[in-house]
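Chemist: the following comprises the amino acid sequence and a computationally predicted model.
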Amino acid sequence: MRGIVWFRRDLRLHDHPALTAAAAECEDVLPLFVFDEPLLATRTFGGACVNFMLGSLAELADALAKRGCPLQWYLGVPVDVVARVAREWNADVVYWNRDYEPGALERDRIVAQRLSESGVTVKTFKDHVVFEADEIRSATGDPLQRYSAYRTRWWAAWHAMKPTALPAPSRLGSARGSCSPPAPLPTAVELGYEAVRPWIEPGEAAALKRLDRFVSAALHRYVDGRNQPAVDGSSCLSPHFRFGTLSPRTAVQAALDALAKGGRVSRPDVLTWVDELIWREFFQQVLAAFTRVAAGPFRNAAVPPPREAGPEYDRLFESWCAGRTGYPIVDAGMRQLNSTGWMHNRVRMIVASFLIKDLRLDWRSGERYFMHHLLDADLAANNGNWQWCAGTGTDAMRGYRIFNPVLQGKKFDPDGSYVRHYVPELARVPAARIHEPWMMSESEQACFGCRPGLDYPAPIIDHATARAEYLALGERVKASR
C-alpha cells in the first residue's frame, strides 16, 4: 500500500501518530509538506515564526532523508496540492494529524472530500493536544467554559487513559515511483519574509534537549521562577508546541516522570507547569467549540470600550509597539518581542493589561501585533490569553483587575536586570529608580546618564489617572445594563 503523510503542525518523528500508522501499514511512504501560499500572503505571521518553521522543517527533512524517505514539498494551495500529489503518486491513503483552527478544519474537510471522490482513503489522528475538545466535556456533554472545571476533567481523563508517547518509527518504506528528488527548501526571503535567526533553536532535537534541561533544572523552582523574566525559569517550549517539534504527551510525561523519581522536584512545581499545558488545551477546545472567538469577543462583557480610532489611538499604539511608553517593564517586554520574537509570560500579561486598561486600546490590536511578531504565534493561545486579559473570554480575568506596571516591575524584576538588558538607556539607573525613572532628581539623572523625556521617554500616560478613569467607565457600563 502506498501512503502519503501530510506534515503540518507536527514537524517531528517521535510520538507522531500519523507517521507511525503509515510506517506500520504502508510499503511505500511519501512525506509531504505544503507551504500554504495564500496564508503566507496574509502576513498574519512574521519573520520570526516563519524562520522557526523553516529551521524545524530542515531538520525534519534531514531526518527523513537519512531514513531513505525524502520529504517532498510544494508551494501552493494545500487543497489542490494534496489532491494532485495523491493522484500523481497513485496513493491509496493519506495520513495527517488533526488541527483545530477554524481555517484548518475547513481546509481538511475539503481535502478529505476531494480525496474520497478520487477513491483515496483518509486517516486522521489526534496529535496537537493530549485530549481533543469532545473528550473533555461537561456532564451534559457541552464544551466547558471554566478552566477549573476543564482542569479537573482533564486530570480525570489522564489518569483513566494514561496516554503514552510513541517512539519514532524504526522503519519507513521509501517512496518509489513518480516523485523526483526534492529541491532544497525555500528560504524565508523566497517566501517573502525577512531572514532572521530564531532566538529559540528550532527542530525536534533542540526541543527534546530543551525539555530535558528544563525538567532537570528550572522545573525544580517553577512556581517562583516562571514569574521572573530575568532568570531562566520557564520552559520556552511554546514555539515547539506550536510547530509540533515536541508533543504535549511527551512533555507531560517527562514532568510526571520527574515527580515520580522524587528528589528536589516538588509536586507544586511540576503540577503548576502541567497546568500551563492544560491551559493551552483549554484554549484549543474553546477555539474548536466556539469558532467565533477567532474574529471577536467570546462574550459581550460589561467592560469599558476602547477609545475611538484616530491620531491619539495611533500615537499610543505606536509607542506601545515600539517599547517607548516610559514604563520600563512594558518597554522591556515589547523590545524583547521585537528583537527576539519572544516575550516572557508574566511580561505578556503586564503589557496586555497596559494596552487594554491604561491606554484603553482594543485588545484585538495587541492580539494581531503579537501574532505577527511571536515565534510561538498560535491562534488559540494568543486569542485566549488576550481575551482573558480583556475580560471578554470564556474564563476571563475577574473584575477590573489592572496591573500596575511599576509594582509589577519591582516585584518580578527587583534588581532591574531584565529592564536593563532590553532598555539600554536605563543601564546605569539603580534598582531603586529603575522602574520609575521619572522620579529621579536632576542630580540623579546627571549621575546615571538618563534624562526622562530626552534619553528615555517620559510616561505617555499617568497610570493612577488611567486606572481611575478605566474603573469609572466600567462602573458606568455596568450601570447602563
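Modeler: Yep, it's here. Numbers count the residues shown, from 1 in each chain.
Chemist: what about the stretch 101-250 of the chain, any weak spots by pLDDT?
Modeler: Applying pLDDT under 70 to the stretch 101-250 of the chain picks out residues 174-180.
Chemist: need the strands for it, in chain order.
Modeler: 121-125 (DSSP state E, counting those that start in this stretch).
Chemist: now the helices: where do they sit in it?
Modeler: Using DSSP state H, counting those that start in this stretch, the helices of the stretch 101-250 of the chain run over 102-117, 147-161, 204-216, 222-225, 238-243, 248-261.
Chemist: can you tell me how far S216 sits from K162?
Modeler: Counting by Cβ to Cβ, to the nearest Å, the gap from S216 to K162 is 23 Å. Where C-beta positions appear, they are placed from N, C-alpha and C, glycine not excepted.
Chemist: mind listing what's buried in the longest helix along the chain?
Modeler: Counting residues, the longest helix found in the chain (DSSP state H) is helix 267-289. If you call a residue buried by 16 or more other Cβ atoms under 10 Å, then helix 267-289 has these buried ones: 269-274, 277-289.
Chemist: same question for that helix, mean pLDDT?
Modeler: What helix 267-289 shows for mean pLDDT is 96.
Chemist: next one: stretch 384-397
Modeler: So the average pLDDT for stretch 384-397 ends up being 88.
Chemist: quick check, V34 in a strand?
Modeler: Yes: under DSSP: H, G, I helix; E, B strand; the rest coil, V34 sits within a strand.
Chemist: wait, it touches D80, no?
Modeler: No: if you go by Cβ atoms under 8 Å, V34 and D80 don't touch, sitting 9.2 Å apart.
Chemist: tell me which of those two has more neighbours.
Modeler: Taking neighbours as other Cβ atoms under 10 Å, V34 and D80 compare with V34 leading, 20 against 14.
Chemist: okay, and the beta partners of that one?
Modeler: Beta-bridge partners recorded for V34 (DSSP bridges): Y74.
Chemist: so who does G203 touch?
Modeler: With contact taken as Cβ atoms under 8 Å, 6 or more residues apart in numbering, G203 is in contact with 11, 55-56, 58-60, 245.
Chemist: quick one, phi psi at it?
Modeler: Here is the backbone geometry of G203 (degrees, to the nearest 10): phi 100, psi 160.
Chemist: now do it against P248, distance only.
Modeler: According to Cβ to Cβ, G203 and P248 sit 18 Å apart.
Chemist: what do you get for A288?
Modeler: 15 Å.
Chemist: neighbour-wise, which of S216 and K162 wins?
Modeler: S216 (13 against 8).
Chemist: for the closest residue to the more buried one other than its chain neighbours, grab the count of nearby residues.
Modeler: Residue nearest to S216 in three dimensions, not counting chain neighbours: A258, with 7.6 Å by Cβ to Cβ, 6 or more residues apart in numbering. Applying other Cβ under 10 Å, we find 20 residues neighbouring A258.
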